[in-house]
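Peer 1: here are the coordinates; sequence isn't available:
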């Protein structure tokens, strides 16, 4: 099955390709010949994910999906949330975003947080939404050199390492994105079986 993945983020492409294996032929925006940064104008992760897939579907008429992910910190009332990529400004600097987060949490003992991923799939114009959540906490300082975004300061529940201290396969055991992708794969498998029968 061929799907356009509405993203320019190669890290996200790598994670989703790893999670789906040979089941999907994923085309990135670049591979589909689309050179644009899709706006994320809404104040929820769900609405932004829907917007991205809708824009690409209207542009190409091809089945596609998008995802939007946010880090939600309990004591900060869910910040950075929908603004995760631009927390410290429009240039989307992971380093500055982490610096801002660590400053806000300085001296704070309640460091509970969670990652939330929403995948919006459009097949023949019909949308289906999948959610993946990973609970955890924020470290007082960066650890590890893998991953991207907030991975160096996020430790998933059930482990003592940050996401940035894990390889892709290890991160996948906990990952919000992997959980949402697994639901997507199950749904696509069901669709494929129905069309065979």
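Peer 2: Cool, the structure landed. For clarity, every value in this text was computed on a predicted model and none was experimentally measured.

Peer 1: The residue nearest to the spatial centre of the chain and residue 59: what is the separation?
Peer 2: By Cα atoms, centre = their mean, the chain has its centre lying nearest to residue 69, at 3.9 Å. Noted for residue 69: a distance of 22 Å to residue 59, by Cβ to Cβ, to the nearest Å. No exception for glycine: its C-beta is placed from N, CA and C like everyone else's.

Peer 1: Give me the contacts around the longest helix along the chain.
Peer 2: Counting residues, the longest helix found in the chain (DSSP state H) is helix 176-196. The contact list for helix 176-196 (Cβ atoms under 8 Å, 6 or more residues apart in numbering) reads 1, 12, 15-16, 19-20, 23-24, 65, 67, 69, 114-119, 121, 123, 128, 130-134, 171-172.

Peer 1: Go through those and flag which are in strands.
Peer 2: Taking DSSP state E, the ones among those that sit in strands are 65, 67, 69, 114-119, 121, 123, 128, 130-134.

Peer 1: In PyMOL, how would I select the buried members of those?
Peer 2: A single PyMOL command is used to select the members of the ones in strands among the contacts of helix 176-196 judged buried by 16 or more other Cβ atoms under 10 Å:
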select buried, resi 65+67+69+114+115+116+117+118+119+121+123+130+132+134
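
Peer 1: gap between residue 166 and residue 155?
Peer 2: Taking Cβ to Cβ, one finds residue 166 at 10 Å from residue 155.

Peer 1: typed the wrong thing, it's residue 45
Peer 2: 21 Å.

Peer 1: And residue 90, by the same measure?
Peer 2: As judged by Cβ to Cβ, residue 90 and residue 155 stand 28 Å apart.

Peer 1: In terms of neighbours, single out the busier of those two.
Peer 2: residue 155 (20 against 7; other Cβ atoms under 10 Å).
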